[in-house]
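*Asks:* I need the structure of the sequence given here:
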Amino acid sequence: MVGVEEGKNGDSAQTNIIAEMTRPGQIEAVPELIEFVSGVERQHGFPEDRIEEIRLALEEAFRNIREHSYKDKSGDIAITCKLDHWGKFMIVIVDSGDPSNILLADVVFAGEESPVDQSRKASAKLIKKMVDNVEYKRVESTNVLTFTVAPRPRSI
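*Replies:* Predicted structure coming up:
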């Protein structure tokens, strides 16, 4: 299946959707979601040590979705694994919860004190360490978290 996404400059970029899964945003669904992604990674030649690194990042992302996006409500988590037009492996996580940008959790702006939520700060650092690139955007009342990952193990 081939999808088209809007690029930064309004250009279209081809993506190849490999697999998709949607489950309730509840703790019971997390192992199934993670195993789904791990299975797709195995099919694309990822070694087990790299799959484990990505698993850690996914666990943190799902925990943050449950604790922050779906804090006072429920909803689904959708996962899409795809290859972009350069062949990079991407994991796109979408939820319809409250806005929750994990990427800002470990950022301290000039003149501000360190973030109060130290566990969220640690989650953000772990995710950034385990994946090659991570992006967040809020699109039409949804949180979209995208991991770009390479099959090689990270040097951490």
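
*Asks:* which of the residues in the host helix or strand of residue 129 are buried?
*Replies:* Remark: residue 129 resides in helix 118-130, with elements defined by DSSP states H and E. Residues 120-121, 123-124, 126-127, 130 are the ones in helix 118-130 that count as buried (16 or more other C-beta atoms under 10 Å). Quick note: C-beta positions are derived from backbone N, CA and C, even for glycine.

*Asks:* what's across from residue 95 in the sheet?
*Replies:* residue 77, residue 143 (DSSP bridges).

*Asks:* OK, contacts around it?
*Replies:* By C-beta atoms under 8 Å, 6 or more residues apart in numbering, the residues touching residue 95 are 25, 65, 69-70, 75-78, 142-143.

*Asks:* do residue 37 as well
*Replies:* By C-beta under 8 Å, 6+ apart, the contact list for residue 37 reads 54-55, 58, 79, 81, 91.

*Asks:* 6 Å - rerun?
*Replies:* residue 91 (C-beta atoms under 6 Å, 6 or more residues apart in numbering).

*Asks:* What strand or helix carries it?
*Replies:* Using DSSP H and E, residue 37 maps to helix 30-43.

*Asks:* same check, this time on residue 138
*Replies:* Element membership for residue 138 (DSSP H and E) is strand 133-139.

*Asks:* filter the contacts of residue 95 to the buried ones?
*Replies:* Of the contacts of residue 95, these count as buried by 16+ other C-beta under 10 Å: 25, 65, 69-70, 75, 77-78, 143.

*Asks:* Any figure for the gap between the residue lying closest to residue 131 once chain neighbours are set aside and residue 71?
*Replies:* Nearest residue to residue 131, sequence neighbours excluded (C-beta to C-beta, 6 or more residues apart in numbering): residue 147, at 4.3 Å. Distance of residue 147 to residue 71, computed by C-beta to C-beta, to the nearest Å: 22 Å.
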